[in-house]
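>>> Dropping the sequence and predicted coords here.
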Amino acid sequence: MRPGSGLQGEIRMSRRKIDFSTYPRKEHFWHFIAMDNPFASVTVHVDITEWLRWQKEKGYPFFLTFQYAVVQAANRIPELRQRYIDGNIVEYDFCNPSYTVAAPDGTYRYCMVNTDQPLEAYLAEGKRKQEAAAHADSLEEEGDVQSLLFTTCVPWMHFSAAMMPYPDRTFTIPNIGWGKCVRDLRLVLEQGKLVEKETVTIPVILMVNHALVDGRHMAAFFSNLEEELGRMRV
């Protein structure tokens with residue numbers, strides 16, 4: 001997992017400054033931003049049983065396809081597009097992901113792909129960008145880092161909680177990560193009867209700065225994610 005600062009590509013998103021005089025969370029913002037650790041995080045085991053079946057039938061790459069749903073879900077929440085920059089709160093119109101790509105030497109590089117486009121176009125661009133990123137000379141890249149969502153995956157571990165790195169208390173870029181899928185048998189109610197059904201879940205962690213994001217916004221993200229996973233199959 002990463003604090004991240006990299007960007008692949010030249011996409012620059014527009015943003016607007018939020019007026020503190022009319023900002024409803026002004027007191028909450030100053031309360032939390034003054035704390036040594038103003039961060040909040042939650043891990044939810046998301047049911048991807050039907051989505052995984054669809055993804056395999058389509059033959060789409062797991063990481064990129066799941067990330068597409070994650071980013072769409074996050075962008076539906078204005079608070080996850082807000083950042084604290086140079087003493088101001090700004091809100092971007094769309095935030096693309098910056099994520100890790102394995103390099104041949106066993107380390108990794110950062111990669112960004114435009115997610116504000118149809119899935120098929122995004123997947124094609126993602127494959128090209130990842131190949132280029134894997135062979136980049138360094139982690140350092142140019143671009144508006146604040147406009148990003150930092151995403152990551154640790155497919156070797158199934159976890160129930162995790163910590164994400166951050167540079168200081170004013171860091172306001174959301175971090176979203178996910179881990180290893182697990183299969184399990186659960187009792188579910190179908191037509192009035194309890195039956196055993198195999199389910200597949202994946203742990204997803206969302207870390208935010210509480211100065212900008214509250215619990216209801218975090219809950220909305222996971223609700224949106226379930227909707228996006230369902231919408232992709234239609």
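Yes, it's here. Numbering: from 1, shown residues only.

>>> helices or strands up against the lowest-mean-pLDDT helix or strand in the chain?
Within the chain, confidence by mean pLDDT, DSSP states H and E is lowest for strand 182-190 among all helices and strands, at a mean of 87. Counting contacts by 3 or more Cβ pairs under 8 Å, 6 or more residues apart in numbering; DSSP states H and E, strand 182-190 packs against strand 193-209. Bear in mind the C-beta positions are built from the backbone N, C-alpha and C, glycine included.

>>> returning to that earlier point: tell me the neighbouring strands of the least confident helix or strand of the chain, and mark each as parallel or antiparallel.
Using DSSP bridges, the strands paired with strand 182-190 are strand 193-209 (antiparallel).

>>> Please compute how far the helix or strand following the strand it pairs with lies from its chain's middle.
Using DSSP states H and E, the next helix or strand after strand 193-209 towards the C-terminus is helix 215-232. Taking Cα atoms, centre = their mean, to the nearest Å, one finds helix 215-232 lying 11 Å from the centre of the chain it belongs to.

>>> and helix 215-232, which residues are buried?
Across helix 215-232, burial judged by 16 or more other Cβ atoms under 10 Å covers 217-218, 220-221, 224-226, 228-229, 232.

>>> between these, which is closest to residue 61?
Of all these, residue 61 sits closest to residue 232, with 13.4 Å by Cβ to Cβ.

>>> Which helix or strand contains the closest residue to the closest one other than its chain neighbours?
Counting by Cβ to Cβ, 6 or more residues apart in numbering, residue 69 is the residue found nearest to residue 232 once chain neighbours are left out, at 6.1 Å. Under the criterion of DSSP H and E, residue 69 resides in helix 62-75.

>>> Show me what that helix is packed up against.
Contact analysis of helix 62-75 by 3+ Cβ pairs under 8 Å, 6+ apart lists helix 49-58, strand 97-102, helix 119-134, strand 149-153, strand 175-178, helix 215-232 as its packing neighbours.

>>> quick one: which of these is nearest residue 205?
Residue 205 lies closest, by Cβ to Cβ, to one member of these: strand 175-178, at 4.9 Å.

>>> Including pLDDT and distance to residue 82, could the buried residues of helix 215-232 go into JSON lines?
Shown next, in JSON lines, are the buried residues of helix 215-232 (pLDDT from 0 to 100; distance: Cβ to Cβ, whole Å):
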{"residue": "217", "pLDDT": "98", "distance to residue 82": "10"}
{"residue": "218", "pLDDT": "98", "distance to residue 82": "14"}
{"residue": "220", "pLDDT": "98", "distance to residue 82": "14"}
{"residue": "221", "pLDDT": "98", "distance to residue 82": "14"}
{"residue": "224", "pLDDT": "98", "distance to residue 82": "16"}
{"residue": "225", "pLDDT": "98", "distance to residue 82": "19"}
{"residue": "226", "pLDDT": "98", "distance to residue 82": "23"}
{"residue": "228", "pLDDT": "98", "distance to residue 82": "20"}
{"residue": "229", "pLDDT": "98", "distance to residue 82": "25"}
{"residue": "232", "pLDDT": "96", "distance to residue 82": "26"}
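
>>> Among those, which one lies nearest to residue 149?
Comparing the buried residues of helix 215-232 against residue 149 with Cβ to Cβ places residue 221 closest, at 10.7 Å.

>>> show me the contacts for the closest one.
When contacts are counted by Cβ atoms under 8 Å, 6 or more residues apart in numbering, residue 221 touches 73-74, 77, 80, 206.
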